[in-house]
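Colleague: Build me a model from this:
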Amino acid sequence: MADVKRVFYVKYLAHPIYTDILATRSDIRLDKLENDSADDVAAPVLAGAHAFQIGSARDELAKKYHADRDLLRRTQSLLIVSTNGAGYDTVNLKACTDAGVLVLNQAGGNKEAVAEHALAMMLSLTKRIIETDRAMRRDKDLDRNIFIGHDLRYKTVGIIGLGNVGKRLAELCRGLFSMRVLAYDPYVSSEVMTKNGVEKVELDDLMRQADFVSINCPLTDESRAMVGAQQYALMKPTAYFVTTARGNIHDEKALEEALRARKIAGAGLDVWEKEPPPLDHPLLQFDNVMVSPHTAGVTREARENMGRIAAEQMLAALDGKPVARVLNPEVWPRYAARFEETFGFAPEGHSHGNG
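Modeller: Predicted coordinates:
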């Protein structure tokens with residue numbers, strides 16, 4: 001029977017508040033490992049851990065610390081994997097479910113930051129701020145008339161993925177600019193969409209009609225390479241493509257070709273196949289492409305919020321209380337049995353996932 005509950009993380013947490021909250025509990029031990037921690041340091045931490053607070057950015061976390069079958073073999077006591085963010089690219093959900101490990105994320109914790117970033121990109125692109133900024137630093141006699149932009153008001157935005165961020169972005173677009181909002185999300189009903197002032201459409205219709213296409217869904221086997229040459233070809237030549245979701249949902253090569261052929265007006269990209277992208281990346285060479293290094297969800301407020309949610313949810317899970325953000329609810333019976341075996345009491349009822 002374990003009386004001390006052991007949690008570990010690698011390299012960094014979303015915010016120091018996480019450590020502060022866990023430190024209020026004498027029955028919780030928090031260990032920190034580095035990507036390059038020596039095996040003799042890491043092995044006992046991994047073997048004794050009940051929970052892993054895992055980074056969400058796949059390129060920042062050493063492969064050996066991704067929550068896959070290999071790691072699960074080295075962490076036989078592990079009950080819970082909790083991501084720092086909403087994304088879970090670093091977690092093999094099936095492997096965790098097979099091992100009886102509950103997976104949690106912090107969905108919604110940074111929705112404000114990401115939705116505002118997507119909107120900022122839309123505004124900057126349609127006002128051509130990024131293009132004029134570059135041109136003014138480069139060209140002496142600038143003809144301002146070649147940079148005529150558009151107003152956002154009354155335009156149509158197409159949101160791919162109507163989760164926490166998608167709903168907030170829809171609310172901002174409608175409220176601030178009276179935009180028409182379309183959404184493609186097979187997991188959200190027409191009723192829920194109507195309640196959020198959104199029209200439910202198929203992906204092809206969204207690509208055809210939208211003046212701005214924004215990706216706001218997680219990266220899954222289903223969404224991988226969902227937006228490629230075929231989808232860009234449907235877009236209006238005056239439309240902009242924005243993503244603050246995850247790399248690999250959109251095809252970078254196909255986007256480059258669409259921009260080169262002037263099939264679309266421009267793009268705002270916060271996420272990449274490889275992060276950060278190499279300096280010679282073709283998409284970095286366009287003046288009408290606005291870029292950021294996966295910073296949409298990284299504001300001071302969002303970081304603190306994520307850290308607090310993660311710590312509170314981790315304590316609730318370790319105390320056997322219901323938790324809201326479960327990514328693999330089907331693991332519950334197996335997880336509950338393992339939890340009871342470890343701590344001597346059963347966790348309270350099964351909580352539904354966050355979709």
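
Colleague: which residues sit against stretch 307-322?
Modeller: Taking Cβ atoms under 8 Å, 6 or more residues apart in numbering as the criterion, the residues outside stretch 307-322 that touch it are 5, 7, 13-18, 20-22, 25, 28, 50-51, 53, 80, 82, 84, 102, 104, 106, 108-109, 323-325, 339, 343, 345-351. From N, CA and C alone the C-beta is placed, and that goes for glycine too.

Colleague: List buried members of those residues by neighbour count.
Modeller: Among the contacts of stretch 307-322, those classed as buried by 16 or more other Cβ atoms under 10 Å are 5, 7, 13-15, 17-18, 21-22, 28, 50-51, 53, 80, 82, 84, 102, 104, 106, 108-109, 323, 325, 339, 343, 347, 350-351.

Colleague: Can you tell me which of these end up in helices?
Modeller: 17-18, 21-22, 339, 343 (DSSP state H).

Colleague: so can I have JSON lines of those residues showing distance to Arg134 and pLDDT?
Modeller: Rendered in JSON lines, the data for those read as follows (distance: Cβ to Cβ, whole Å; pLDDT from 0 to 100):
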{"residue": "Ile17", "distance to Arg134": "38", "pLDDT": "97"}
{"residue": "Tyr18", "distance to Arg134": "39", "pLDDT": "97"}
{"residue": "Ile21", "distance to Arg134": "44", "pLDDT": "98"}
{"residue": "Leu22", "distance to Arg134": "46", "pLDDT": "98"}
{"residue": "Phe339", "distance to Arg134": "55", "pLDDT": "98"}
{"residue": "Phe343", "distance to Arg134": "58", "pLDDT": "97"}
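
Colleague: which among those gets closest to Gln285?
Modeller: Proximity of these to Gln285, judged by Cβ to Cβ, is greatest for Tyr18, which lies at 39.2 Å.

Colleague: I'd assumed Gln53 was in contact with the closest one.
Modeller: Yes: contact status for Tyr18 versus Gln53: in contact at 7.2 Å, counting by Cβ atoms under 8 Å.

Colleague: In the protein, mark out all the strands, start to finish.
Modeller: For the chain, applying DSSP state E gives strands covering 5-10, 28-33, 51-54, 80-83, 102-104, 156-160, 180-184, 199-200, 212-215, 240-243, 266-269, 289-291.

Colleague: The fifth one packs against which elements?
Modeller: Under the contact criterion of 3 or more Cβ pairs under 8 Å, 6 or more residues apart in numbering; DSSP states H and E, strand 102-104 touches strand 80-83, helix 93-98, helix 300-318.

Colleague: Please identify the most buried of the ones you listed.
Modeller: strand 80-83 (a mean of 26; mean count of other Cβ atoms under 10 Å).

Colleague: Next, the distance between the ends of stretch 291-302.
Modeller: Using Cα to Cα, to the nearest Å, the end-to-end distance of stretch 291-302 comes to 20 Å.

Colleague: Sorry, wrong one. I was asking about stretch 189-208.
Modeller: Terminal residues of stretch 189-208 are spaced 21 Å apart (Cα to Cα).

Colleague: ok so, going back, could I get the strands of the chain as TSV with mean pLDDT and distance to Val192?
Modeller: Written out in TSV, the entries for the strands of the chain read as follows (pLDDT from 0 to 100; distance: least, Cβ to Cβ, whole Å):
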stretch	mean pLDDT	distance to Val192
strand 5-10	98	35
strand 28-33	98	37
strand 51-54	98	30
strand 80-83	98	25
strand 102-104	98	23
strand 156-160	98	13
strand 180-184	98	10
strand 199-200	98	9
strand 212-215	98	18
strand 240-243	98	23
strand 266-269	98	27
strand 289-291	98	31
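
Colleague: closest one to Asp141 among those strands?
Modeller: Across those, Asp141 has its closest neighbour in strand 266-269 (23.7 Å, Cβ to Cβ).

Colleague: Can you tell me what sits against that closest one?
Modeller: The contact list for strand 266-269, computed with Cβ under 8 Å, 6+ apart, reads 118, 121-122, 124-125, 131, 240-243, 255, 259, 283, 286, 288-292.

Colleague: If anything else comes up later, I'll come back, but that's it for now.
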